[in-house]
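J.: Fold the following.
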Amino acid sequence: MIKKSNQKKIILLGIITFIIMLLAWAGICIMRGMKEKTTIVLDDGWTVKVNDKTYTDVDLATFTFRGLKRYDDIEISRVITDDLTDGYTVRVKAQFCSVQAYAGVREIFSFGTEEIKNNRFLGSGYVFIRLPYDMQGKNLKIRFIVNEDDSMTDIGSIRLEKSDAILRIYANRNATSVYLNAFIMIFGVALIILGFSVRRRGKDYLTLILIGAFSVLIGHWSNCQGKIYEIFSDRITILSVHEFICLYTAPIPMAVYIWQRHKGEGGTKETVLKLAIAVMAIFDVTACILHVTNVARFPRTLGVFHLTGAICLVAIIAVCVIHIKRDRLSDLVINLAFFQVAAAAFLDLFRLNIQKMFLPNMDTITEVSFLPMGVIIFITMLTAGYLFTIYETVLSEAEREALTRIAYHDTLTGIYNRAKADQKFEELDATDSAAAMVNFDVNGLKYVNDNFGHEEGDKLLKNVAGIIEKCFGEIGTYYRMSGDEFLSIIVDPKGIANVERAAAKFEEELKIASENSRYVISVSYGISYRKKGEKKSMQEVYSEADDKMYVMKEKSGLSRQALEGGMKEITEANS
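T.: Down below sits the predicted model:
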């Protein structure tokens with residue numbers, strides 16, 4: 001359970017990071033809206049023809065369309081009055097349409113006309129039209145043929161840049177987004193590689209792969225959506241296909257990641273998460289089939305994706321919020337990271353739809369996404385959450401190991417206790433393997449306690465435990481069964497064959513220990529065996545060893561009185 005003070009601090013951190021994301025987005029928009037000194041803006045004085053309707057003296061920065069349908073024909077024309085002898089290129093926005101440009105009556109550029117004729121998909125992006133040097137005084141006409149219903153809402157600002165500098169200018173305008181998206185994608189690829197490299201060590205590898213896949217998809221989508229790849233490639237149709245596939249696919253690894261964190265909890269939470277994943281996966285497959293078969297291409301299914309994605313996102317957020325009070329600190333941080341991404345996604349939905357309805361000419365708003373910044377924050381907070389998880393896991397494992405040690409180890413000698421021996425009995429009873437057992441009983445423990453104190457008695461038990469470990473540790477396991485009783489269990493065939501040799505070594509070690517002690521260190525023991533396949537329980541083997549141990553006591557004549565008397569004589573001789 002999370003302390004309220006910590007919970008408030010983490011939520012406050014989330015609000016601060018959200019505000020930083022908004023400010024960063026505004027800053028990038030301003031940077032992208034700035035123009036170079038050599039830029040010529042041609043927004044006013046255009047004649048626009050939409051099918052059979054003509055508009056004159058149009059300012060393209062404010063002119064918009066409504067309800068354009070497939071195959072609608074749009075022409076814009078204007079006389080170029082500027083001197084373009086230095087060589088200029090005009091940048092034009094192509095929104096799922098073909099583009100043709102004419103200098104007077106001469107065609108100087110064509111894009112997408114074959115796709116229109118053959119009913120094929122056309123992407124959305126920028127085309128760069130190189131103008132002739134003698135363009136001054138001539139009429140520039142640009143023609144658009146719409147390829148998707150309601151896809152074209154405006155022409156956008158017409159900018160002329162020097163041809164030898166246009167790519168540099170375009171790259172400079174997008175520099176921040178390039179670095180941001182490159183970091184996200186490189187980080188994602190690194191996580192995927194790391195995930196596959198540690199997949200044999202546990203389930204956490206899937207977490208790394210899922211977060212890596214989400215980061216790569218968002219980074220790639222942002223580059224496509226922001227038209228950044230057009231610095232290097234003019235294949236805007238392929239880039240648009242990548243844009244839609246990444247956008248439609250990106251929520252799935254994130255949803256699977258959240259489901260993985262709550263897998264096995266059952267109840268409403270797990271059901272909602274599974275349903276959200278299934279709905280998104282079914283939508284993705286359906287959208288791809290519809291696009292490939294030309295029934296409904298990607299731009300037509302975008303609205304359905306927005307609605308489906310928003311519903312699934314709200315459902316996942318609701319589930320996480322309901323259970324947030326029961327979560328650990330690491331879970332709260334990771335949930336907050338997810339909320340940041342979700343908030344960025346909702347802001348993008350809001351931004352795109354508001355821009356399309358009310359601000360169609362604001363290209364910088366269209367091209368600058370909140371999601372990459374949300375992902376950066378997500379990665380940062382996820383790292384913090386992962387560190388919290390590691391801390392909690394290490395702490396939990398340490399507590400579990402301490403409890404296990406208390407439960408299965410003798411506090412005095414540090415070796416296994418009777419509970420562990422009983423567990424071993426159960427394991428061996430479930431098999432028919434061969435086993436050997438040596439039961440030890442320390443002679444004269446009460447005499448040592450009475451005459452030398454309990455501290456010396458504890459020392460005697462530790463010494464015996466050490467001798468048993470020295471002689472039997474390499475061939476089996478050993479346990480303290482009660483106050484003065486020890487046990488060794490041997491299951492390895494080679495160890496079983498060497499039990500008698502280990503017992504002989506044990507007797508020698510006892511003699512050596514007695515020579516350096518104020519009293520005789522004497523231990524009686526009994527050895528018992530179970531052959532492979534023999535129908536004998538470990539309790540029966542233990543009883544046989546115990547009986548043989550008492551036989552050894554009797555044969556050696558070590559009655560309690562005699563033993564104590566012998567110890568007394570040694571004690572007096574050494575005093």
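J.: what's the helix or strand for D44?
T.: Taking DSSP states H and E as the criterion, no element holds D44; it sits outside all helices and strands.
J.: can you check the one 3 residues further on too?
T.: Using DSSP H and E, T47 falls within strand 46-50.
J.: Just the residues contacting that strand, thanks.
T.: The contact list for strand 46-50, computed with Cβ atoms under 8 Å, 6 or more residues apart in numbering, reads 54-60, 63, 65, 68, 72-78, 155, 158. From N, CA and C alone the C-beta is placed, and that goes for glycine too.
J.: Mind checking the pLDDT average for that strand?
T.: Strand 46-50 carries an average pLDDT of 94.
J.: And it, how far out from the chain middle?
T.: The chain centroid and the centroid of strand 46-50 are separated by 52 Å, computed with Cα atoms, centre = their mean, to the nearest Å.
J.: Partner strands of it and their direction?
T.: The strands beside strand 46-50 in its sheet (DSSP bridges) come out as strand 53-58 (antiparallel), strand 73-79 (antiparallel).
J.: possible to save those as JSON lines with mean neighbour count, distance to V146 and mean pLDDT?
T.: Shown next, in JSON lines, are those (neighbours: other Cβ atoms under 10 Å; distance: least, Cβ to Cβ, whole Å; pLDDT from 0 to 100):
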{"stretch": "strand 53-58", "mean neighbour count": "11", "distance to V146": "14", "mean pLDDT": "93"}
{"stretch": "strand 73-79", "mean neighbour count": "17", "distance to V146": "7", "mean pLDDT": "93"}
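J.: Need these in TSV (columns: distance to G309).
T.: Converted to TSV, the strands paired with strand 46-50 look like this (distance: least, Cβ to Cβ, whole Å):
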stretch	distance to G309
strand 53-58	36
strand 73-79	31
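J.: For T301, find the nearest of the ones you listed.
T.: Nearest to T301, of all the strands paired with strand 46-50, is strand 73-79, at 24.3 Å by Cβ to Cβ.
J.: For the closest one, which outside residues touch it?
T.: For strand 73-79, the external contacting residues (Cβ under 8 Å, 6+ apart) are 42, 45-51, 58, 60, 65, 68, 97, 137-146, 152, 155.
J.: Against which helices or strands is the helix or strand where I311 lies packed?
T.: Using DSSP H and E, the element containing I311 is helix 298-322. Counting contacts by 3 or more Cβ pairs under 8 Å, 6 or more residues apart in numbering; DSSP states H and E, helix 298-322 is packed against helix 236-249, helix 251-261, helix 267-292, helix 329-358.
J.: picking up where we left off before, out of the strands paired with strand 46-50, nearest to I512?
T.: When the strands paired with strand 46-50 are compared by Cβ to Cβ, strand 73-79 sits nearest I512, at 104.4 Å.
J.: Next SSE downstream of that closest one?
T.: Downstream of strand 73-79, the first helix or strand assigned by DSSP H and E is strand 88-95.
J.: how far off strand 73-79 does that next one point, in degrees?
T.: Counting by axes from the mean of the first three to the mean of the last three Cα atoms, to 10 degrees, strand 88-95 lies at 160 degrees to strand 73-79.
J.: Off-centre distance for strand 88-95?
T.: Its chain's C-alpha centre and that of strand 88-95 lie 41 Å apart, by Cα atoms, centre = their mean.
J.: Would you mind pulling up the elements that it packs against?
T.: If contacts are counted by 3+ Cβ pairs under 8 Å, 6+ apart, strand 88-95 sits against strand 97-103, strand 124-130, strand 139-146, strand 159-162, helix 166-173.
J.: got a list of contacts for that strand?
T.: Contacts of strand 88-95 (Cβ under 8 Å, 6+ apart): 40, 42, 99, 101, 111-112, 122-131, 135, 140, 142, 144, 151-156, 158-163, 166, 170, 236, 363.
J.: Tell me the buried residues in stretch 147-156?
T.: For stretch 147-156, a neighbour-count test (16 or more other Cβ atoms under 10 Å) marks N147, E148, D150, S151, M152, T153, D154, I155, G156 as buried.
J.: for it, what is the average pLDDT?
T.: 86.
J.: List the contacts of the nearest residue to Y408 once chain neighbours are set aside.
T.: Excluding the flanking residues, the one nearest Y408 by Cβ to Cβ, 6 or more residues apart in numbering is K420, at 4.1 Å. Contacts for K420 (Cβ under 8 Å, 6+ apart) come out as Y408, H409, Y479.
J.: Of those, which is the most crowded?
T.: Y479 (25 neighbours; other Cβ atoms under 10 Å).
J.: for it, phi and psi?
T.: Main-chain torsions, Y479, degrees, to the nearest 10: phi -140, psi 150.
J.: Check whether it really touches G414, as I assumed.
T.: No: using Cβ atoms under 8 Å, Y479 makes no contact with G414, being 11.7 Å away.
J.: give me the number of residues near A61?
T.: Using other Cβ under 10 Å, A61 has 15 neighbouring residues.
J.: On the three-state scheme, it is what?
T.: Following DSSP: H, G, I helix; E, B strand; the rest coil, the label given to A61 is coil.
J.: Which residue comes closest to it once chain neighbours are left out?
T.: Ranked by Cβ to Cβ, 6+ apart and with sequence neighbours excluded, the top spatial neighbour of A61 is D43, at 4.3 Å.
J.: One more: I496?
T.: A436 (4.6 Å).
J.: Helix or strand: which one has that neighbour?
T.: Going by DSSP H and E, A436 is part of strand 435-443.
J.: same for that strand, what does it pack against?
T.: Where contact means 3+ Cβ pairs under 8 Å, 6+ apart, strand 435-443 is packed against helix 454-472, strand 485-490, helix 493-497, helix 499-515, strand 522-530, helix 538-555.
J.: most packed of those?
T.: Highest mean neighbour count among the helices and strands packed on strand 435-443 (mean count of other Cβ atoms under 10 Å): strand 485-490, with a mean of 24.
J.: got the angle for it vs strand 522-530?
T.: Here strand 485-490 runs at an angle of 40 degrees relative to strand 522-530 (the same axes, to 10 degrees).
J.: in its sheet, what does strand 485-490 sit against?
T.: strand 435-443 (antiparallel), strand 477-480 (antiparallel).
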